[in-house]
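Student: okay, sequence plus prediction incoming.
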Amino acid sequence: MRDQSMLLSLTAVSVSVASTRLLADIDLVVQSGERVVILGANGAGKSTLLKVCNGLIAPSKGDLIAPPVRQQALIFQRPALLRRTVIENVKFVLAARGVLEPLRTSQAQQAIDACGLGAMASRPAFALSGGEQQRLALARVWACRPSLLLADEPTANLAPAAMRDVENLLLAVEALGTTLVLTTHNIAQAKRLARRIVFLDGGKVVEDRPAAEFFASPNSAAARTYLAGESL
Amino acid sequence: MKRISRRLVLSLCAISLGALTSTASFAQESTLTVASTTSTEQSGLFGHLLPQVQKATGITVKVVALGTGQALDVGRRGDADVVFVHDQVAEEKFVAEGAGVERIAVMYNDFVLVGPGDDPAKAAGKDIVGGLKAVHANKAAFVSRGDKSGTHAAELRYWKMANLDPAIEKQAWYRDTGFGMGPALNTAAAMNAYILADRGTWLSFKNRQNLKIIAEGDAKLFNQYGVILVNPKKHAHVKAEAGQKFINWLVSAEGQAMIAGYKIGGEQLFFPNAVKR
Amino acid sequence: MLYDAGLAALDLLVQGDATLRDIALLSLRVSASATLFAALIGLPLGAWVALSTTRLRTSFAVLLNTSMGLPPVVVGLGVYLLLSRSGPLGALGWLFTPTGMIFAQTLLITPIVAALARQTIEDAHVGLAEWFTSLGLTRWQRVKALLFEARFSLAVALLAGFGRAIAEVGAVMMVGGNIAGHTRVMTTTIALETSKGDLPLALALGVLLVALVLLVNGVAQILKAWMERRHA
């Protein structure tokens, strides 16, 4: 059995901005080694939840225990890229982590090779396709070996082939020892990847169960409506 | 990346220091700032004299050319070491205030009344006051410096001698420009107007168009230059020693000969008249 | 007459007339130095305002934008009074020297550089802010990264500053005194020679100045196009 230490713990966390409540009374615990998919419609609060875990948004109420920022990684639907080459983008995060040359270049090269971008090391990051850019984001994660990876709709913009590539890479990163928490509104993807489903609706955790059970028989009306409504 | 950025910052600082120091004069005592007038500078006299000054005294003279009023103001503020202008009244006031040490006569040139070749106002002759009266009577176009310069002060003196005051009358034929001598001449050429000019600027002025000398030779038209050392008691940083050397050179036999030797088209512009000391 | 002057001007240019050369070199030295100092002050200043979270940020931005429009002759008058022996900075002895002219032009173009830098860095920051936070970057790391990220636009900002400096006549005339052989630059000489009715030197310098300004603008356009092609 894997070392089951607690990685992430949210207790009664609420987030309000102006007079809008984005998250209400969230309780969530993630152990190291789990694979959690946060499922829900657009506007359910999935991105907000991830940003709270990462520290980008401070909870208005409640407690948060999470790994230090340097041991986390957060990737977005549209990756944030620097106006540099592919390998320099990876070297940037390594430099931010304090890795010096020549290790920096070799680790960066390793990471982009692992993500299938080895041939494109010297191309400008912006010259890459959507799928390749997301793989670059994952190469940056690969280079850093975080204990927790938060992925916010990482394949929402991608065509099916690219989507599969990114999904495989996510699993490869997990195999290195990273705990994976990803959000999606894509039910088929959730079915493919999830071991545990956290279903969000209107800023609340409506269901939190093993994936198989959830898809077999959802407990809540909201989940049932959601599963029926989306196809693919 | 850290090493590169530190080296970059250091080299940028070095370049900046270099840029700054290379523009500061090194041998401080051997440069001198002289405030003079635009008409004197544009006559080319300084271009003729200064290389010789450098040879004879080792001083590099920097001439800031302004109107007489402004040149004296610069001297009052201590921004020049020596003033060299041509307005005796203003110069004597300058010394009386304590802003200057002593006024020393150096040379004179003369003014000429310049105007349209066909002289519509019939102002020609050897009488400046008469000429200006004719201009006024005929309401002929006239361009004035209007800038507190020595030339402007002279022009106002001549009008006063004629008991006229066109500046107050504000009539259309009298154009008060506020320009230096060159631009004022340009304006007069463009307007085919009369104008009082110093001979030096006129001789080197290339854009004459229809203008010619109308009246000259009147003793009243002589324009006396004086040189004054800015008072080091008022401004401690004034280069009194270099300034005095420059003044001494101007009134020396060599300096006076150089002044007389400056010619444009074979004509002498300035007539040295320093008192032999 | 204009034709003759034009021919004479061409002759001066082709022969590399010494006076012409000295005047042009002084212009370049003064304006390039001013641009360098404006960069050293304005870039960090612009970056600081762009990244600051205080409410002063809007006021600073407005202040920078308005001081961009300071008329050169007014700056010249102010610096003249500052540097006069009877003024507060008189002891420096910078009046009527190239150093004074550099000082005046630096004051003139630093607001432009800082304002453009602020805008550029703010724009660059928008897409990268969350990612930077998720990486746990320090303020200084962010500034460095953004300055490099915005390098093309910052270079264009510096070129804009240089273009403004080399083309202005008011500040450099009042503070330099247009002294023959010492503080005469292209713009002040053009003004002087034209007023004397002496056109060849003025025309030659005019041609040089226009060529220089066109070159600067051309390089700026090329930089922009290069960036668009490679990194967008």
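Tutor: Perfect, thanks for sending it.
Student: how far does stretch C:23-40 sit from its chain's centre?
Tutor: 7 Å (C-alpha atoms, centre = their mean, to the nearest Å).
Student: again, but for stretch C:90-109
Tutor: The answer for stretch C:90-109 is 14 Å, by C-alpha atoms, centre = their mean.
Student: show the average pLDDT along it.
Tutor: Computed over stretch C:90-109, the mean pLDDT rounds to 95.
Student: then it to PDB, C-alphas only?
Tutor: Taking Å, rounded to 0.1, in the frame of the first residue of the first chain, the C-alpha atoms of stretch C:90-109 are listed here in PDB:
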ATOM      1  CA  GLY C  90      24.500  75.400  -9.500                       C
ATOM      2  CA  ALA C  91      27.400  73.900  -7.700                       C
ATOM      3  CA  LEU C  92      27.400  71.000 -10.200                       C
ATOM      4  CA  GLY C  93      28.600  73.400 -13.000                       C
ATOM      5  CA  TRP C  94      26.500  71.600 -15.500                       C
ATOM      6  CA  LEU C  95      24.900  74.700 -17.200                       C
ATOM      7  CA  PHE C  96      26.200  75.200 -20.800                       C
ATOM      8  CA  THR C  97      27.800  71.800 -20.900                       C
ATOM      9  CA  PRO C  98      26.800  68.500 -22.600                       C
ATOM     10  CA  THR C  99      26.300  67.000 -19.200                       C
ATOM     11  CA  GLY C 100      23.600  69.600 -18.500                       C
ATOM     12  CA  MET C 101      22.000  68.700 -21.800                       C
ATOM     13  CA  ILE C 102      22.000  65.000 -21.000                       C
ATOM     14  CA  PHE C 103      20.400  65.900 -17.700                       C
ATOM     15  CA  ALA C 104      17.700  67.900 -19.300                       C
ATOM     16  CA  GLN C 105      16.900  65.300 -22.000                       C
ATOM     17  CA  THR C 106      16.900  62.500 -19.400                       C
ATOM     18  CA  LEU C 107      14.300  64.400 -17.400                       C
ATOM     19  CA  LEU C 108      12.400  64.900 -20.700                       C
ATOM     20  CA  ILE C 109      12.200  61.300 -21.800                       C
END
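Student: so what's the spatially most central residue of chain A up against?
Tutor: Nearest to the mean C-alpha position of chain A, by C-alpha atoms, centre = their mean, lies A:Ala151 at 1.3 Å. Contact analysis of A:Ala151 by C-beta atoms under 8 Å, 6 or more residues apart in numbering or on different chains lists A:Leu74, A:Ile75, A:Leu170, A:Leu180, A:Val181, A:Leu182, A:Thr183. C-beta coordinates here come from the backbone N, C-alpha and C atoms, glycine included.
Student: which outside residues touch the strand or helix carrying the first one?
Tutor: The secondary structure element spanning A:Leu74 is strand A:72-75 (assigned by DSSP states H and E). Contacts of strand A:72-75 with the rest of the structure, by C-beta under 8 Å, 6+ apart, involve A:50-51, A:53-54, A:56, A:66, A:134, A:137-138, A:140-141, A:144, A:146-152, A:154, A:178, C:130-131, C:134.
Student: only alpha carbons, please: show the helix or strand where the residue nearest to the centre of chain A lies as CSV.
Tutor: Using DSSP H and E, A:Ala151 sits within strand A:148-152. Taking C-alpha atoms only, strand A:148-152 is exported to CSV below (Å, rounded to 0.1, in the frame of the first residue of the first chain):
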residue,chain,number,x,y,z
LEU,A,148,0.5,18.0,-5.9
LEU,A,149,-0.6,18.8,-9.4
LEU,A,150,-3.8,20.9,-9.8
ALA,A,151,-5.0,20.8,-13.4
ASP,A,152,-7.8,23.1,-14.3
